[in-house]
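Visitor: I would like to see how this sequence folds:
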Amino acid sequence: MASLQASALLLPSSSCCCSRKINAAIHVPKLPKVSFSVPKIPTRDLIEELNLRVGVEKINVTTPPIHDKSTSFVTTKLYAILEAVADRVEMHNNIGQQRDNWNTLLLNSINMIILTAATMAGVAAISGTGMPLLALKLSSTLLYSAATGMLLIMNKIQPSQLAEEQRNATRLFKQLQNQIQTMLARKTPTQEDVEDVMEKVLALDKAYPLPLLGAMLDKFPSKFEPAVWWPSNQLQKKNKSYAGKQCHVENNGWSEGLEMEMREVIEVVKRKDIEDYVRLGNLALKINKVLAISGPLLTGIAAVGSTFVGNGSWAAIVAVTAGALASTVNAFEHGGQVGMVIEMYRNCSGFFQLLQESIEATLEERDLKKREYGELFEMKVALKLGRSLSQLRELARKSASSHVDGTSIDEFASKLF
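Guide: The predicted structure is shown next:
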């Protein structure tokens, strides 16, 4: 009973506590009402401001320039020519290596044939009579005859000179390729530029042909002449291309002293460099003609002598001696590459002739504004001659003083070759 009373006493107190907790959770204090005023958005003013800003941006935007169709077509033509020039560089390089191999292989083969034939002729002279003698005589004669025919062909085409022609053509086509690339990078090309480049390409094709039959250059002309690989009207067009491009300097950088300097340089180039290379070219041409005739002639004599081996001691002596001389002549002509030396002289004399014509054409142009800028032209001439500007002026001064003293200048214009 006591426990039940105690629990009865505790129960009201616990229920009272629970009711208090529930009341505390339910009765939340009321918050005061706060009124917020949202500003009205000026939609019309905002739209007008955005339209105004868009309009300003449209005014400030610059449209890209529209390329002229004709200019784009001219550039396309120039790129097509550039591809053709790059192809020619590769062709001339490959053919130059091939013809250099011709020279080496033919030289070694012909000399081995000649020496073998001479050995057989000498052995036949001491072999007695009978079938061995006939076999050696016949073999020696056939080898000498084959060497004679091969020498005639080799001396006619001059493989060392052919290889040097292709090397020069490769260098000049690479030079033209660089000029086209510079033209495309520095300015907008015109139709005149395309025609000028086409003429240069065709002039190089004519000066250094690829085929042997029908178009090969004459290796034994009656007179030595410098190589010409530029169009005849190139220099006049070059002066026209500088019209309107001169620097804003009085007289376009030209003066009376500079013109006199260029004239003196021309005189030295003509009297010393061109004259010397033409003289050496004529000398080398004469030597090559003698060697080209002597080689086949000696092998022919040796072939005839080998047929009479066994009938007397002189036949064997003629066959062996002529064969040895023919081998020596062939080694000197093609091993020494006399044809290559002739072509080198042609190219060097042509280089100086082009320099002479370029200076003369520039000085003949009376309108200074159509000339190339004077100081730039002087620097180019100095570089082509392997000299500094001070050395070029010193050369002109020496040439002028030699005219006054009545003496000849003892110095060449070029220090490169």
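
Visitor: tell me the average confidence for stretch 304-324?
Guide: Stretch 304-324 carries an average pLDDT of 89.

Visitor: residues of it that come out buried?
Guide: The neighbour-count check on stretch 304-324 (16 or more other Cβ atoms under 10 Å) flags 304-307, 309-310, 315-316, 318-323 as buried. In short, each C-beta sits where N, CA and C put it, glycine included.

Visitor: again with stretch 100-107
Guide: For stretch 100-107, a neighbour-count test (16+ other Cβ under 10 Å) marks 100, 102-103, 106-107 as buried.

Visitor: Of the residues you listed, which is the nearest to G122?
Guide: Each of those was checked against G122 using Cβ to Cβ; the closest is L107, at 22.8 Å.

Visitor: Would you agree T362 is in contact with G374?
Guide: No - the criterion here is Cβ atoms under 8 Å, and T362 misses it with G374 at 9.4 Å.

Visitor: got the contact list for the residue lying closest to S127 once chain neighbours are set aside?
Guide: Spatial nearest neighbour of S127, excluding adjacent residues (Cβ to Cβ, 6 or more residues apart in numbering): L133 at 5.3 Å. By Cβ atoms under 8 Å, 6 or more residues apart in numbering, the residues touching L133 are 124, 127, 309-310.

Visitor: Over to A400?
Guide: A400 touches 260, 264, counting by Cβ under 8 Å, 6+ apart.

Visitor: Can you name the helix or strand that it falls in?
Guide: Assigned by DSSP states H and E, A400 belongs to helix 389-405.

Visitor: what's the answer for A315, then?
Guide: helix 313-330.

Visitor: Please compute how far that helix lies from its chain's middle.
Guide: Once both centres are worked out by Cα atoms, centre = their mean, to the nearest Å, helix 313-330 turns out to sit 46 Å from its chain's centre.

Visitor: helices or strands next to it in the packing?
Guide: For helix 313-330, the packing partners by 3 or more Cβ pairs under 8 Å, 6 or more residues apart in numbering; DSSP states H and E come out as helix 69-125, helix 131-157, helix 275-307.

Visitor: Would you mark the buried spots in stretch 128-146?
Guide: Buried, per 16+ other Cβ under 10 Å, within stretch 128-146: 133, 136-137, 139-141, 143-146.

Visitor: so which of those comes closest to G257?
Guide: For the buried residues of stretch 128-146, the residue nearest G257 by Cβ to Cβ is A146; the value is 66.5 Å.

Visitor: got a list of what the residue lying closest to that closest one once chain neighbours are set aside touches?
Guide: Once flanking residues are discounted, A146 sits nearest to I113: 6.1 Å by Cβ to Cβ, 6+ apart. Applying Cβ under 8 Å, 6+ apart to I113 gives the contacts 143, 146-147, 150.

Visitor: of the helices and strands packed on helix 313-330, which approaches D193 most closely?
Guide: Minimum separation from D193 across these (Cβ to Cβ) falls at helix 69-125, 6.8 Å.

Visitor: what angle sits between that closest one and helix 131-157?
Guide: Between helix 69-125 and helix 131-157, the angle comes out at 160 degrees (axes from the mean of the first three to the mean of the last three Cα atoms, to 10 degrees).

Visitor: For helix 69-125, give the mean pLDDT please.
Guide: pLDDT averaged over helix 69-125 gives 93.

Visitor: Please compute how far that helix lies from its chain's middle.
Guide: The gap between where helix 69-125 is centred and where its chain is centred comes out at 17 Å by Cα atoms, centre = their mean.

Visitor: and the direction of that helix versus that of helix 313-330, what angle?
Guide: Taking the same axes, to 10 degrees, one finds that helix 69-125 is oriented at 160 degrees with respect to helix 313-330.

Visitor: what angle sits between helix 69-125 and helix 275-307?
Guide: With the same axes, to 10 degrees defining the directions, helix 69-125 sits at 40 degrees from helix 275-307.

Visitor: and E333, what does it touch?
Guide: Neighbouring residues of E333 by Cβ under 8 Å, 6+ apart: 155, 288, 291-292, 295, 339.

Visitor: ok, of those residues, which one's closest to A215?
Guide: A215 lies nearest to G339 out of the contacts of E333, by Cβ to Cβ, at 17.4 Å.

Visitor: Span of stretch 362-377 from start to end?
Guide: End-to-end span of stretch 362-377 (Cα to Cα, to the nearest Å): 9 Å.

Visitor: What residue, apart from its backbone neighbours, is nearest the most centrally placed residue in the chain spatially?
Guide: Most central in the chain under Cα atoms, centre = their mean is K174, positioned 1.6 Å from the mean C-alpha point. In this structure, K174 finds its nearest non-sequential neighbour in V89, 5.5 Å apart by Cβ to Cβ, 6+ apart.

Visitor: do I409 as well
Guide: With Cβ to Cβ, 6+ apart, the residue lying closest to I409 is S402, at 4.7 Å.

Visitor: Quick check: that neighbour vs M262, distance?
Guide: According to Cβ to Cβ, to the nearest Å, S402 and M262 sit 17 Å apart.

Visitor: More neighbours: these two, which one.
Guide: Using other Cβ atoms under 10 Å, the more surrounded residue of S402 and M262 is M262, with 21 against 18.

Visitor: name the element the more buried one belongs to?
Guide: Per DSSP H and E: helix 256-268 holds M262.

Visitor: Same question for E343.
Guide: Per DSSP H and E: helix 338-364 holds E343.
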